[in-house]
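Sequence and computational prediction follow.
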Amino acid sequence: MEMRPKLLLKMINFRNAVVDATGGQYKVLKRDYLSEGRIPVIDQGQAFIAGYANNDDAIFTGKLPVVLFGDHTLALKYVDFPFALGADGVKVLSINNALEPKYVYYYWQSCAIQSRGYSRHFKYLRDVQIPLIPISEQRRIVEILDQADALRKKRSVADAKAARILPALFYKMFGDPATNPKGWPVAPIGEMVTPIERRDPSDQPEKTFTYIDIAGVDGQLGVISGAKTMIGEVAPSRARQIVKTNDVIISTVRPYLRATALVPAQYDNQICSTGFCVLRANAGIGFGFLYVLSRVQWFTVQLNARARGASYPAVTDADICNLRVLRPYNQDILKSFDFQVLDALALLGKRREATRRLEDLFEMILHHAFTGDLTAKWREVHMKELLHEMEQQVKSLNLRMQA
(Lines give C-alpha, C1' and ligand atoms only; values in the text may rest on other atoms or scores of the structure.)
Protein backbone atom coordinates (compact mmCIF):
# COMPACT_ATOMS: atom_id res chain seq x y z
CA MET A 1 0.00 0.00 0.00
CA GLU A 2 1.41 3.36 -1.03
CA MET A 3 2.10 5.66 1.91
CA ARG A 4 1.18 9.30 1.47
CA PRO A 5 3.60 11.85 2.95
CA LYS A 6 2.64 13.33 6.27
CA LEU A 7 1.45 16.91 6.18
CA LEU A 8 2.38 17.64 9.76
CA LEU A 9 5.81 19.30 9.64
CA LYS A 10 6.26 19.37 13.39
CA MET A 11 4.78 20.74 16.58
CA ILE A 12 6.11 24.25 17.08
CA ASN A 13 6.32 25.74 20.54
CA PHE A 14 4.58 28.84 21.80
CA ARG A 15 7.51 31.25 21.56
CA ASN A 16 8.05 30.41 17.88
CA ALA A 17 4.37 30.79 17.02
CA VAL A 18 3.13 33.65 19.20
CA VAL A 19 4.19 37.12 20.33
CA ASP A 20 2.72 38.56 23.53
CA ALA A 21 1.54 42.01 22.40
CA THR A 22 -0.05 43.02 25.71
CA GLY A 23 2.72 45.27 26.96
CA GLY A 24 2.64 48.99 26.32
CA GLN A 25 -1.07 49.04 25.45
CA TYR A 26 -3.58 51.44 26.99
CA LYS A 27 -5.88 49.58 29.37
CA VAL A 28 -9.38 50.76 30.25
CA LEU A 29 -10.31 50.44 33.92
CA LYS A 30 -13.56 48.60 34.57
CA ARG A 31 -15.07 51.60 36.33
CA ASP A 32 -14.54 53.58 33.12
CA TYR A 33 -16.46 51.19 30.86
CA LEU A 34 -19.35 52.89 29.06
CA SER A 35 -22.65 51.21 28.22
CA GLU A 36 -22.44 52.77 24.74
CA GLY A 37 -19.58 54.21 22.71
CA ARG A 38 -17.46 54.08 19.56
CA ILE A 39 -14.78 51.64 20.71
CA PRO A 40 -15.65 48.19 22.08
CA VAL A 41 -13.73 47.20 25.22
CA ILE A 42 -12.70 43.55 25.37
CA ASP A 43 -11.48 41.98 28.60
CA GLN A 44 -11.18 38.51 30.11
CA GLY A 45 -14.89 38.23 30.99
CA GLN A 46 -17.20 35.71 29.34
CA ALA A 47 -19.12 38.40 27.45
CA PHE A 48 -17.33 39.06 24.15
CA ILE A 49 -17.66 42.84 24.54
CA ALA A 50 -17.53 44.08 28.13
CA GLY A 51 -18.30 47.75 27.50
CA TYR A 52 -17.27 50.73 25.40
CA ALA A 53 -14.88 53.67 25.35
CA ASN A 54 -14.65 56.89 23.35
CA ASN A 55 -10.97 57.68 23.93
CA ASP A 56 -9.01 57.12 20.70
CA ASP A 57 -5.82 56.69 22.75
CA ALA A 58 -7.35 53.48 24.13
CA ILE A 59 -7.43 51.72 20.73
CA PHE A 60 -5.11 48.70 20.50
CA THR A 61 -2.13 49.72 18.35
CA GLY A 62 -0.85 46.32 17.28
CA LYS A 63 -1.48 44.36 14.11
CA LEU A 64 -4.85 42.66 13.71
CA PRO A 65 -6.21 40.03 14.00
CA VAL A 66 -5.18 38.88 17.46
CA VAL A 67 -6.28 36.26 19.95
CA LEU A 68 -7.14 37.37 23.49
CA PHE A 69 -6.71 34.98 26.42
CA GLY A 70 -8.20 35.47 29.89
CA ASP A 71 -5.41 34.72 32.34
CA HIS A 72 -7.90 34.01 35.13
CA THR A 73 -11.01 33.01 33.16
CA LEU A 74 -9.45 31.00 30.27
CA ALA A 75 -11.76 32.91 27.90
CA LEU A 76 -10.49 32.85 24.30
CA LYS A 77 -11.54 35.59 21.87
CA TYR A 78 -10.60 36.15 18.23
CA VAL A 79 -10.58 39.87 17.42
CA ASP A 80 -10.17 41.29 13.92
CA PHE A 81 -11.53 44.83 14.43
CA PRO A 82 -10.31 47.94 16.34
CA PHE A 83 -10.84 47.56 20.09
CA ALA A 84 -9.71 48.78 23.49
CA LEU A 85 -8.17 46.44 26.04
CA GLY A 86 -9.75 45.85 29.45
CA ALA A 87 -7.56 46.59 32.44
CA ASP A 88 -6.72 43.31 34.12
CA GLY A 89 -5.94 39.68 33.42
CA VAL A 90 -6.09 39.54 29.62
CA LYS A 91 -3.26 38.68 27.22
CA VAL A 92 -3.15 39.93 23.62
CA LEU A 93 -1.44 37.37 21.39
CA SER A 94 -0.14 38.09 17.88
CA ILE A 95 0.33 35.01 15.68
CA ASN A 96 3.33 34.18 13.45
CA ASN A 97 2.76 34.69 9.70
CA ALA A 98 3.27 30.96 9.10
CA LEU A 99 0.05 30.34 10.99
CA GLU A 100 -3.49 31.46 10.36
CA PRO A 101 -4.52 33.35 13.55
CA LYS A 102 -7.98 31.80 13.61
CA TYR A 103 -6.50 28.34 13.13
CA VAL A 104 -4.48 28.88 16.31
CA TYR A 105 -7.57 30.25 18.08
CA TYR A 106 -9.56 27.12 17.23
CA TYR A 107 -6.66 24.85 18.13
CA TRP A 108 -6.38 26.42 21.57
CA GLN A 109 -10.11 25.92 22.00
CA SER A 110 -9.65 22.21 21.32
CA CYS A 111 -6.95 21.95 24.01
CA ALA A 112 -9.34 22.65 26.92
CA ILE A 113 -6.82 23.86 29.50
CA GLN A 114 -7.98 22.78 32.94
CA SER A 115 -9.19 25.58 35.22
CA ARG A 116 -7.28 26.04 38.44
CA GLY A 117 -9.68 28.53 39.97
CA TYR A 118 -8.85 32.22 40.14
CA SER A 119 -5.17 31.69 39.47
CA ARG A 120 -3.16 32.65 36.40
CA HIS A 121 -3.33 30.24 33.48
CA PHE A 122 -1.13 31.88 30.83
CA LYS A 123 1.82 29.72 31.82
CA TYR A 124 -0.22 26.64 30.89
CA LEU A 125 -1.13 28.08 27.50
CA ARG A 126 2.56 28.72 26.83
CA ASP A 127 3.21 25.00 27.31
CA VAL A 128 0.85 24.13 24.43
CA GLN A 129 2.59 23.28 21.16
CA ILE A 130 0.83 24.03 17.88
CA PRO A 131 0.70 21.65 14.88
CA LEU A 132 2.20 23.29 11.82
CA ILE A 133 0.44 22.29 8.58
CA PRO A 134 0.30 24.04 5.19
CA ILE A 135 -1.41 27.42 5.40
CA SER A 136 -4.02 26.46 2.80
CA GLU A 137 -5.13 23.51 4.93
CA GLN A 138 -5.21 25.75 7.98
CA ARG A 139 -7.56 28.04 6.07
CA ARG A 140 -9.71 25.09 4.99
CA ILE A 141 -10.05 23.99 8.61
CA VAL A 142 -10.96 27.54 9.62
CA GLU A 143 -13.56 27.72 6.84
CA ILE A 144 -15.31 24.57 8.04
CA LEU A 145 -15.13 25.51 11.71
CA ASP A 146 -16.42 29.01 10.94
CA GLN A 147 -19.51 27.48 9.34
CA ALA A 148 -20.12 25.28 12.39
CA ASP A 149 -19.46 28.18 14.76
CA ALA A 150 -21.93 30.39 12.85
CA LEU A 151 -24.67 27.84 13.61
CA ARG A 152 -23.79 28.03 17.32
CA LYS A 153 -23.95 31.83 17.27
CA LYS A 154 -27.32 31.84 15.51
CA ARG A 155 -28.60 29.39 18.08
CA SER A 156 -27.25 31.56 20.90
CA VAL A 157 -29.06 34.62 19.52
CA ALA A 158 -32.29 32.63 19.19
CA ASP A 159 -31.92 31.31 22.76
CA ALA A 160 -31.43 34.85 24.07
CA LYS A 161 -34.64 35.94 22.34
CA ALA A 162 -36.49 32.92 23.73
CA ALA A 163 -35.30 33.79 27.24
CA ARG A 164 -37.13 37.12 26.93
CA ILE A 165 -40.49 35.38 26.46
CA LEU A 166 -41.35 35.14 30.15
CA PRO A 167 -40.48 38.74 31.11
CA ALA A 168 -42.47 39.94 28.08
CA LEU A 169 -45.49 37.87 29.17
CA PHE A 170 -45.15 39.23 32.70
CA TYR A 171 -45.12 42.87 31.59
CA LYS A 172 -48.05 42.27 29.25
CA MET A 173 -50.19 40.62 31.91
CA PHE A 174 -49.19 42.49 35.08
CA GLY A 175 -47.33 45.62 33.92
CA ASP A 176 -44.04 47.11 35.06
CA PRO A 177 -43.52 46.31 38.78
CA ALA A 178 -41.69 49.62 39.21
CA THR A 179 -44.58 51.83 38.01
CA ASN A 180 -47.64 49.55 38.39
CA PRO A 181 -49.52 50.97 35.36
CA LYS A 182 -52.42 48.53 35.83
CA GLY A 183 -53.07 49.77 39.36
CA TRP A 184 -52.78 46.45 41.17
CA PRO A 185 -52.80 46.49 44.97
CA VAL A 186 -49.31 46.50 46.50
CA ALA A 187 -48.41 44.22 49.43
CA PRO A 188 -45.43 42.42 50.98
CA ILE A 189 -44.42 39.22 49.23
CA GLY A 190 -44.90 37.44 52.55
CA GLU A 191 -48.68 37.78 52.20
CA MET A 192 -48.55 35.74 48.98
CA VAL A 193 -46.62 32.74 50.34
CA THR A 194 -46.96 29.85 52.76
CA PRO A 195 -44.27 28.91 55.32
CA ILE A 196 -42.14 25.94 54.26
CA GLU A 197 -41.18 22.84 56.20
CA ARG A 198 -37.75 22.39 57.71
CA ARG A 199 -36.00 19.13 58.55
CA ASP A 200 -33.09 18.27 60.79
CA PRO A 201 -30.92 15.90 58.71
CA SER A 202 -30.03 13.93 61.86
CA ASP A 203 -33.67 12.81 62.09
CA GLN A 204 -33.07 10.43 59.17
CA PRO A 205 -29.33 9.63 59.23
CA GLU A 206 -29.55 6.89 56.57
CA LYS A 207 -31.75 8.75 54.10
CA THR A 208 -30.26 9.71 50.75
CA PHE A 209 -31.48 13.02 49.40
CA THR A 210 -30.74 15.67 46.79
CA TYR A 211 -29.18 18.90 48.00
CA ILE A 212 -29.42 22.11 45.97
CA ASP A 213 -26.88 24.84 46.69
CA ILE A 214 -26.27 28.22 45.09
CA ALA A 215 -23.67 26.78 42.71
CA GLY A 216 -26.37 24.44 41.40
CA VAL A 217 -28.52 27.26 40.01
CA ASP A 218 -27.80 28.89 36.68
CA GLY A 219 -28.55 32.55 37.37
CA GLN A 220 -28.53 33.48 33.70
CA LEU A 221 -31.11 30.86 32.70
CA GLY A 222 -33.05 30.77 35.96
CA VAL A 223 -32.96 26.98 36.30
CA ILE A 224 -31.44 24.36 38.56
CA SER A 225 -28.46 23.12 36.56
CA GLY A 226 -27.01 20.67 39.06
CA ALA A 227 -27.50 19.20 42.51
CA LYS A 228 -25.64 16.93 44.92
CA THR A 229 -26.69 13.51 46.21
CA MET A 230 -26.08 13.36 49.96
CA ILE A 231 -26.78 11.17 52.99
CA GLY A 232 -28.50 12.55 56.07
CA GLU A 233 -25.71 11.80 58.52
CA VAL A 234 -23.21 13.86 56.51
CA ALA A 235 -25.59 16.59 55.42
CA PRO A 236 -24.59 20.20 56.11
CA SER A 237 -26.13 21.36 59.37
CA ARG A 238 -27.69 24.32 57.53
CA ALA A 239 -29.28 22.20 54.77
CA ARG A 240 -32.75 21.89 56.27
CA GLN A 241 -35.16 23.61 53.89
CA ILE A 242 -37.48 21.18 52.13
CA VAL A 243 -38.57 22.26 48.66
CA LYS A 244 -41.67 21.19 46.77
CA THR A 245 -42.58 21.24 43.09
CA ASN A 246 -43.13 24.84 41.87
CA ASP A 247 -41.43 26.47 44.86
CA VAL A 248 -39.43 29.54 43.92
CA ILE A 249 -35.87 29.59 45.32
CA ILE A 250 -33.99 32.90 45.46
CA SER A 251 -30.34 33.25 46.43
CA THR A 252 -29.85 35.70 49.28
CA VAL A 253 -26.11 36.31 48.77
CA ARG A 254 -24.66 38.95 46.44
CA PRO A 255 -23.51 38.74 43.64
CA TYR A 256 -25.80 35.73 43.16
CA LEU A 257 -29.09 37.51 43.84
CA ARG A 258 -30.19 36.66 40.32
CA ALA A 259 -29.72 32.95 41.02
CA THR A 260 -33.41 32.10 41.12
CA ALA A 261 -35.25 29.00 39.91
CA LEU A 262 -38.63 27.32 39.85
CA VAL A 263 -38.31 23.87 41.44
CA PRO A 264 -39.26 21.12 38.94
CA ALA A 265 -40.99 17.88 39.94
CA GLN A 266 -37.72 15.92 39.98
CA TYR A 267 -36.61 17.86 43.08
CA ASP A 268 -39.89 17.54 44.97
CA ASN A 269 -39.40 16.93 48.71
CA GLN A 270 -35.65 17.47 48.52
CA ILE A 271 -33.45 19.93 50.45
CA CYS A 272 -31.94 23.26 49.47
CA SER A 273 -29.36 25.43 51.15
CA THR A 274 -30.51 28.12 53.56
CA GLY A 275 -28.60 30.42 51.22
CA PHE A 276 -31.94 30.43 49.39
CA CYS A 277 -35.18 32.08 50.40
CA VAL A 278 -37.96 29.65 49.46
CA LEU A 279 -41.29 31.12 48.30
CA ARG A 280 -44.25 28.73 48.19
CA ALA A 281 -47.32 30.31 46.63
CA ASN A 282 -50.51 30.27 48.70
CA ALA A 283 -52.73 27.34 47.66
CA GLY A 284 -50.23 26.59 44.88
CA ILE A 285 -51.50 29.54 42.80
CA GLY A 286 -49.24 32.36 41.63
CA PHE A 287 -45.90 30.54 41.57
CA GLY A 288 -45.39 31.68 37.98
CA PHE A 289 -45.90 35.29 39.00
CA LEU A 290 -43.40 34.98 41.87
CA TYR A 291 -40.84 33.20 39.70
CA VAL A 292 -40.84 35.66 36.80
CA LEU A 293 -41.01 38.61 39.21
CA SER A 294 -37.79 37.31 40.79
CA ARG A 295 -36.17 37.29 37.33
CA VAL A 296 -36.93 40.89 36.29
CA GLN A 297 -34.24 43.53 36.73
CA TRP A 298 -36.36 45.64 39.09
CA PHE A 299 -36.46 42.81 41.63
CA THR A 300 -32.67 42.28 41.55
CA VAL A 301 -32.08 46.02 42.00
CA GLN A 302 -34.37 46.03 45.05
CA LEU A 303 -32.47 43.16 46.67
CA ASN A 304 -29.07 44.71 45.91
CA ALA A 305 -30.21 47.89 47.64
CA ARG A 306 -31.08 45.89 50.77
CA ALA A 307 -27.93 43.74 50.89
CA ARG A 308 -25.78 44.21 53.98
CA GLY A 309 -22.30 43.02 54.95
CA ALA A 310 -18.75 43.82 53.90
CA SER A 311 -17.26 40.56 52.62
CA TYR A 312 -20.41 38.80 51.41
CA PRO A 313 -23.32 41.26 51.23
CA ALA A 314 -26.59 39.41 51.67
CA VAL A 315 -30.28 39.86 52.27
CA THR A 316 -32.43 37.91 54.71
CA ASP A 317 -35.60 35.97 54.08
CA ALA A 318 -37.39 38.79 55.89
CA ASP A 319 -35.95 41.34 53.45
CA ILE A 320 -37.50 39.42 50.57
CA CYS A 321 -40.81 38.67 52.28
CA ASN A 322 -41.22 42.31 53.35
CA LEU A 323 -40.54 43.64 49.85
CA ARG A 324 -43.72 45.33 48.63
CA VAL A 325 -44.72 44.18 45.16
CA LEU A 326 -47.74 44.02 42.89
CA ARG A 327 -50.42 41.71 44.28
CA PRO A 328 -52.73 40.60 41.48
CA TYR A 329 -56.05 39.58 43.05
CA ASN A 330 -57.52 37.79 40.02
CA GLN A 331 -56.96 34.07 40.66
CA ASP A 332 -57.88 33.12 37.10
CA ILE A 333 -55.18 35.41 35.71
CA LEU A 334 -52.63 33.97 38.14
CA LYS A 335 -53.58 30.39 37.23
CA SER A 336 -53.38 31.19 33.52
CA PHE A 337 -49.93 32.72 33.98
CA ASP A 338 -48.80 29.66 35.98
CA PHE A 339 -49.64 27.42 33.03
CA GLN A 340 -47.94 29.78 30.58
CA VAL A 341 -44.78 29.76 32.69
CA LEU A 342 -44.70 25.95 32.85
CA ASP A 343 -45.25 25.70 29.08
CA ALA A 344 -42.53 28.28 28.39
CA LEU A 345 -40.04 26.55 30.72
CA ALA A 346 -40.73 23.22 29.02
CA LEU A 347 -40.06 24.85 25.64
CA LEU A 348 -36.90 26.53 26.92
CA GLY A 349 -35.73 23.19 28.33
CA LYS A 350 -36.05 21.58 24.91
CA ARG A 351 -34.15 24.48 23.38
CA ARG A 352 -31.36 24.08 25.93
CA GLU A 353 -31.12 20.37 25.11
CA ALA A 354 -30.91 21.16 21.39
CA THR A 355 -28.22 23.76 22.13
CA ARG A 356 -26.28 21.20 24.17
CA ARG A 357 -26.38 18.72 21.27
CA LEU A 358 -25.16 21.43 18.91
CA GLU A 359 -22.29 22.23 21.28
CA ASP A 360 -21.39 18.54 21.45
CA LEU A 361 -21.39 18.37 17.65
CA PHE A 362 -19.09 21.40 17.42
CA GLU A 363 -16.71 19.82 19.93
CA MET A 364 -16.62 16.66 17.82
CA ILE A 365 -15.87 18.65 14.64
CA LEU A 366 -13.21 20.61 16.54
CA HIS A 367 -11.56 17.37 17.60
CA HIS A 368 -11.56 15.94 14.06
CA ALA A 369 -10.12 19.20 12.70
CA PHE A 370 -6.83 18.59 14.50
CA THR A 371 -6.54 14.84 13.98
CA GLY A 372 -6.47 15.30 10.20
CA ASP A 373 -9.81 13.53 9.68
CA LEU A 374 -11.82 16.65 8.88
CA THR A 375 -9.80 17.59 5.80
CA ALA A 376 -8.58 14.13 4.75
CA LYS A 377 -10.44 13.97 1.43
CA TRP A 378 -9.69 17.62 0.63
CA ARG A 379 -6.02 16.93 1.32
CA GLU A 380 -5.89 14.08 -1.20
CA VAL A 381 -7.27 16.34 -3.93
CA HIS A 382 -4.75 19.11 -3.19
CA MET A 383 -1.73 16.96 -2.36
CA LYS A 384 0.60 18.45 -4.99
CA GLU A 385 0.00 22.05 -3.89
CA LEU A 386 0.32 21.09 -0.22
CA LEU A 387 3.68 19.42 -0.76
CA HIS A 388 4.95 22.63 -2.36
CA GLU A 389 3.67 24.67 0.57
CA MET A 390 5.40 22.30 2.96
CA GLU A 391 8.72 22.94 1.27
CA GLN A 392 8.24 26.72 1.44
CA GLN A 393 7.30 26.59 5.13
CA VAL A 394 10.36 24.51 5.94
CA LYS A 395 12.60 27.08 4.28
CA SER A 396 10.91 30.14 5.79
CA LEU A 397 10.92 28.76 9.33
CA ASN A 398 14.20 26.90 9.06
CA LEU A 399 12.55 23.66 10.17
CA ARG A 400 13.36 20.09 9.27
CA MET A 401 10.81 18.01 7.39
CA GLN A 402 9.42 15.09 9.39
CA ALA A 403 10.02 11.67 7.88
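Done, it's in.

For the stretch 101-250 of the chain, give me the ranges with low pLDDT.
118, 199-206, 232-239 (pLDDT under 70).

Going along the chain, name the strands of it.
For the stretch 101-250 of the chain, the strands defined by DSSP state E, counting those that start in this stretch cover 130-132, 186-188, 208-212, 217-218, 223-224, 228-231, 241-243, 248-251.

Glu389 is nearest to which of those?
Of all the strands of the stretch 101-250 of the chain, it is strand 130-132 that lies closest to Glu389, at 10.9 Å by C-beta to C-beta. C-beta: built from backbone N, CA, C; applies to glycine.

Can you work out which other helices and strands pack against the closest one?
Judged by 3 or more C-beta pairs under 8 Å, 6 or more residues apart in numbering; DSSP states H and E, strand 130-132 is in contact with strand 10-12, helix 101-111.

Columns mean neighbour count and distance to Pro167 on top of the strands of the stretch 101-250 of the chain, output as TSV?
Below are those laid out as TSV (neighbours: other C-beta atoms under 10 Å; distance: least, C-beta to C-beta, whole Å):
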stretch	mean neighbour count	distance to Pro167
strand 130-132	21	44
strand 186-188	13	20
strand 208-212	18	24
strand 217-218	21	16
strand 223-224	19	15
strand 228-231	14	30
strand 241-243	21	24
strand 248-251	26	15
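
any chance of the ones you listed in a markdown table, plus distance to Ala148?
A markdown table is the format used below for these (distance: least, C-beta to C-beta, whole Å):
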| stretch | distance to Ala148 |
| --- | --- |
| strand 130-132 | 19 |
| strand 186-188 | 50 |
| strand 208-212 | 35 |
| strand 217-218 | 24 |
| strand 223-224 | 26 |
| strand 228-231 | 34 |
| strand 241-243 | 39 |
| strand 248-251 | 35 |
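
To Ile365, which of those strands lies closest?
Ile365 lies closest to strand 130-132 among the strands of the stretch 101-250 of the chain, at 16.5 Å (C-beta to C-beta).

pLDDT of stretch 358-378, averaged?
When pLDDT is averaged along stretch 358-378, the result is 89.

Likewise for stretch 255-268?
Computed over stretch 255-268, the average pLDDT equals 89.

Of the helices and strands packed on strand 130-132, which is nearest Gln138?
Taking those one by one with C-beta to C-beta, helix 101-111 is closest: 4.0 Å.

I'd like to check what contacts the closest one. Which residues are they?
Helix 101-111 is touched from outside by 17-18, 65-67, 69, 76, 78, 95, 125, 128, 130-131, 138-139, 141-142, 145-146, 366-367, 369-370, with contacts defined as C-beta atoms under 8 Å, 6 or more residues apart in numbering.

rerun that using 6 Å as the cut-off
Helix 101-111 has contacts (C-beta atoms under 6 Å, 6 or more residues apart in numbering) with Pro65, Val67, Leu76, Tyr78, Ile95, Val128, Ile130, Gln138, Val142, Leu145, Leu366, Phe370.

and the second one, helix, strand or coil?
Three states are possible here, and by DSSP: H, G, I helix; E, B strand; the rest coil the one that applies to Val67 is strand.

show me what contacts the spatially most central residue of the chain?
For the chain, Gln46 is the residue whose C-alpha lies nearest the centre (C-alpha atoms, centre = their mean; 6.5 Å). Counting by C-beta under 6 Å, 6+ apart, Gln46 touches Ala75.

go on, Lys182?
Applying C-beta under 6 Å, 6+ apart, the residues contacting Lys182 are Gly175.

now the angle between helix 101-111 and the helix ranked longest in the chain, please.
Longest helix in the chain by number of residues, with DSSP state H as the criterion: helix 331-369. Using axes from the mean of the first three to the mean of the last three C-alpha atoms, to 10 degrees, one finds that helix 331-369 and helix 101-111 are set 110 degrees apart in direction.
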